[in-house]
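**Q** give me a 3D structure for the following:
(chains A, B and C)
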Amino acid sequence: MAPDYDVEFIDRGDRDREARFLVRDVSPAFANGIRRAMIADVPTLSIDEVRVIENSSVMFDEQIALRLGLVPLTTPDDYEIGETVTLALDVEGPGTAYSGDLVSTDDRVEPADKNVPIIDLKDPEGSETPQRLEVEADAVYDVGREHAKHQGGVAVGYRHLQTVEIVGDADEYGDDDPHILRGVIEEDGELIPTEEFDHDLTQRYPGKEVEVHDVPNAFVFHVETDGSMSVDELVTQAVDTIHGRASELKDAVQL
Amino acid sequence: MELRVIEKTDTELSIEIAGEDHTFMNVLKGALLESEGVEAATYDVNPEQSGGQTEPILTVKTQEDVDALDALEAGADRVMEKADDFRSAYEAA
Amino acid sequence: MMVPVRCFTCGNVVGEHWEEFKARTQDGEDPEMVLDELGVERHCCRRMLVSHKDLVDIVAPYQ
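**A** Residues are numbered from 1 along each chain as shown, chains lettered A, B, ... in the order given. This next block holds a predicted model:
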């Protein structure tokens, strides 16, 4: 009995950074394995070591280094765990140093978001030189388990696909409280995101008493990335890590 | 991945799988439970702070005609098959 | 001091939108609308921008 998955996209956000898709006939264990793998096991590049050449800004070197580490970098998939890329940043005030000012030695690696302010540099009165930030940084390819800055996915999760069953009429003189439901419902084989009726079942089924049921083994994944890779890359790489572990286990058992 | 057999009879196996966590262990356990010939499969992990055994220990019980180690190997195969299927289903969508 | 690069709770990059958010809200736009248009959806990320205050100008003279 081979598993027979069925994937269906519900929506794809702009810039490949966000997607929602439904997977059918997947066991809860496997769905959770994929979710966890997306968060903790898909490696990304992130600045991990900073050599400060000059920092006359109002922030400490460590604070700057932390901020640089959090900037997502586009990550090609041919890196090995622990491999590094060197980036440099050199900005003189007055003005703001942005993530986009980072220059990398590998032109496939660049800040995914260019407008993140790193530090505001001033030209203080009475000082001879304006504030300046010059650093050299090593970005390391590592997994989210090591540090949250290496997490490729943000807000990765899933919900059950649900169905709504009409069980009768609503109490005529009852309170007309909203019946809030978030996610995706299935109605006669059609998938309806709850946004369509403002997440309120009383708007879609006015005057009806309804019951909500989970569809077994059908999960609606919501995947968002920080920009270091596309959703497709994130999902496929997460699945590959699970595959890789299984084949490793098989090899180890055979010995 | 380092394996260490803790207890082994023909139909029972207790094995430590070093370096793994719930991500893989639960998938593996789920796959084992779906496999034919496997009567019970479970795993146990202790938190880092507990100080003792912190690597996951997988325990498998099989029916009489199935060797537990073979079942584990089949379970790994099954996980791979699932991963391949998921990937191709995703790429098809 | 400086706007946080990421949301503390979910890890979404919010620093990216700070300057636009600041400029537009100072022009009198409704912060709610601005955040919606910027795509800062979750309330964990929204509070990062709404509750932030730039302090570099205040600290700068004491360096």
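**Q** C:R24: neighbouring residues, count only.
**A** Neighbour count for C:R24, taken as other C-beta atoms under 10 Å in any protein chain shown: 18. Heads up, the C-betas are built off the backbone N, CA and C, glycines and all.
**Q** let me redo that: B:D10
**A** For B:D10, the count of nearby residues is 12 (other C-beta under 10 Å).
**Q** what separates A:N32 from chain B, distance-wise?
**A** Relative to chain B, A:N32 is positioned 6 Å away (C-beta to the nearest C-beta, to the nearest Å).
**Q** oh sorry, the question was meant for A:E54
**A** From A:E54 over to chain B the distance is 40 Å, taken as C-beta to the nearest C-beta.
**Q** also A:V156?
**A** 13 Å.
**Q** and that residue, what element?
**A** strand A:153-169 (DSSP states H and E).
**Q** just to be sure, A:E195 is in a helix?
**A** Yes. Counting by DSSP: H, G, I helix; E, B strand; the rest coil, A:E195 falls inside a helix.
**Q** just checking, what packs against the strand holding A:V156?
**A** Helices and strands touching strand A:153-169, as assessed by 3 or more C-beta pairs under 8 Å, 6 or more residues apart in numbering or on different chains; DSSP states H and E, comprise helix A:28-40, strand A:184-187, strand A:208-225.
**Q** quick one: buried residues of the first one?
**A** So that's helix A:28-40. For helix A:28-40, burial by neighbour count (16 or more other C-beta atoms under 10 Å in any protein chain shown) applies to A:A29, A:F30, A:A31, A:N32, A:G33, A:I34, A:R35, A:R36, A:A37, A:M38, A:I39, A:A40.
**Q** list of residues touching it?
**A** Residues from elsewhere that reach helix A:28-40 (C-beta atoms under 8 Å, 6 or more residues apart in numbering or on different chains): A:23, A:143-145, A:151-153, A:156-158, A:217, A:219, A:221, A:223, A:234-235, A:238-239, A:241-242, B:22-24, B:26-27, B:29-31, B:82, B:86.
**Q** restricted to strands, list those residues.
**A** Using DSSP state E, the members of the contacts of helix A:28-40 that fall within strands are A:V23, A:G153, A:V156, A:G157, A:Y158, A:N217, A:F219, A:F221, A:V223.
**Q** chain A contacts on chain C?
**A** Within reach of chain A by C-beta under 8 Å from any C-beta of the partner chain, chain C has these residues: C:1-3, C:5-6, C:10-13, C:15-20, C:42, C:54, C:56-57, C:59-61, C:63.
**Q** let's see it at 7 Å
**A** C:1-3, C:5-6, C:10-13, C:15-16, C:18-19, C:42, C:56, C:59-61, C:63 (C-beta under 7 Å from any C-beta of the partner chain).
**Q** which of these fall in helices?
**A** C:G15, C:E16, C:W18, C:E19, C:V56, C:V59 (DSSP state H).
**Q** spatially, which two of those are the most separated?
**A** The widest separation within those, taken as C-beta to C-beta, falls between C:E16 and C:V59 and amounts to 23.2 Å.
**Q** re the thing from before, please, a ChimeraX command that selects the buried ones among the ones in helices among the residues of chain C next to chain A?
**A** In ChimeraX syntax, the buried subset of those is picked out as below (16+ other C-beta under 10 Å):
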select /C:15,16,18,56
